[in-house]
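The following comprises the amino acid sequence and a computationally predicted model.
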Amino acid sequence: MSSSTTPMEDAITESFSPATLEIINDSHMHSHHKAMQGTVSKETHFRLIIVSDAFKSKPQPARHRMVYALLKEELAAEGGIHALQLKTQTPQEREKQVEREKAEQGQVIAEM
């Protein structure tokens with residue numbers, strides 16, 4: 001039995017075994033767009049942050065193609081996902097990012 005809240009979360013978890021998975025529903029910010037008029041779905045625009053070893057040795061475009069291929073049915077469905085913003089990283093890339101952000105915060109604090 002699934003403990004997720006969306007089929008998208010199930011598919012990503014099953015396929016990529018992510019160390020981190022964030023799904024942010026931004027649909028409310030786009031509901032007024034002309035393309036969304038007449039759409040009954042309230043879940044059309046998402047930001048995904050996926051940290052997974054499955055992305056090792058793959059450039060960003062290949063990683064994004066992996067996610068789009070996985071979600072092709074949801075993207076093609078009438079009233080389905082209209083837009084995805086993807087951030088795909090390996091655990092090592094994420095760790096470097098966190099270290100860099102901490103270092104930048106330390107520099108800002110030291111300059112004050």
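Nice, I can see it. Here the structure is a predicted model, which is why all the values come from computation and not from measurement. Residues are numbered from 1 along each chain as shown.

Ramachandran coordinates for residue 26?
phi -100, psi 10 (degrees, to the nearest 10).

Quick one: residues contacting it.
45, 46, 47, 85 (CB atoms under 8 Å, 6 or more residues apart in numbering). From N, CA and C alone the C-beta is placed, and that goes for glycine too.

got it, and residue 87?
Each residue near residue 87 by CB under 8 Å, 6+ apart is listed here: 47, 48, 49, 50.

What pLDDT does the model give the last one?
Listed pLDDT for residue 50 reads 98.

Name the next helix or strand downstream of whichever helix or strand it is part of, please.
According to DSSP states H and E, residue 50 maps onto strand 45-51. Once strand 45-51 ends, the next helix or strand along the chain (criterion: DSSP H and E) is helix 60-70.

Can you tell me what sits against that next one?
11-12, 15-16, 48, 50, 54-55, 58, 75, 84, 86, 88.

From those, list just the buried residues.
Buried by 16 or more other CB atoms under 10 Å: 11, 12, 15, 16, 48, 50, 55, 84, 88, out of the contacts of helix 60-70.

can you give me the helices for the chain?
Taking DSSP state H to define them, one finds helices in the chain at 7-16, 60-70, 72-76, 91-111.

which one of the contacts of helix 60-70 is nearest residue 24?
residue 48 (7.7 Å; CB to CB).

List the contacts of that closest one.
Residue 48 neighbours (CB under 8 Å, 6+ apart): 12, 21, 22, 23, 24, 67, 84, 85, 86, 87.

now those residues in TSV, with pLDDT and distance to residue 104?
Compiled in TSV, those are given as follows (pLDDT from 0 to 100; distance: CB to CB, whole Å):
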residue	pLDDT	distance to residue 104
12	96	29
21	97	25
22	95	21
23	93	26
24	90	23
67	97	28
84	90	28
85	92	23
86	97	24
87	97	18
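
Worst mean pLDDT across the helices and strands of the chain, which element?
Of all helical and strand segments in the chain, the minimum by mean pLDDT, DSSP states H and E falls on helix 91-111, at a mean of 83.

How about the residue nearest to the spatial centre of the chain: which residues does it bridge to?
Taking CA atoms, centre = their mean, the centroid of the chain lies closest to residue 48, which sits 1.0 Å from it. Beta-bridge pairing for residue 48 (DSSP bridges): residue 23, residue 86.
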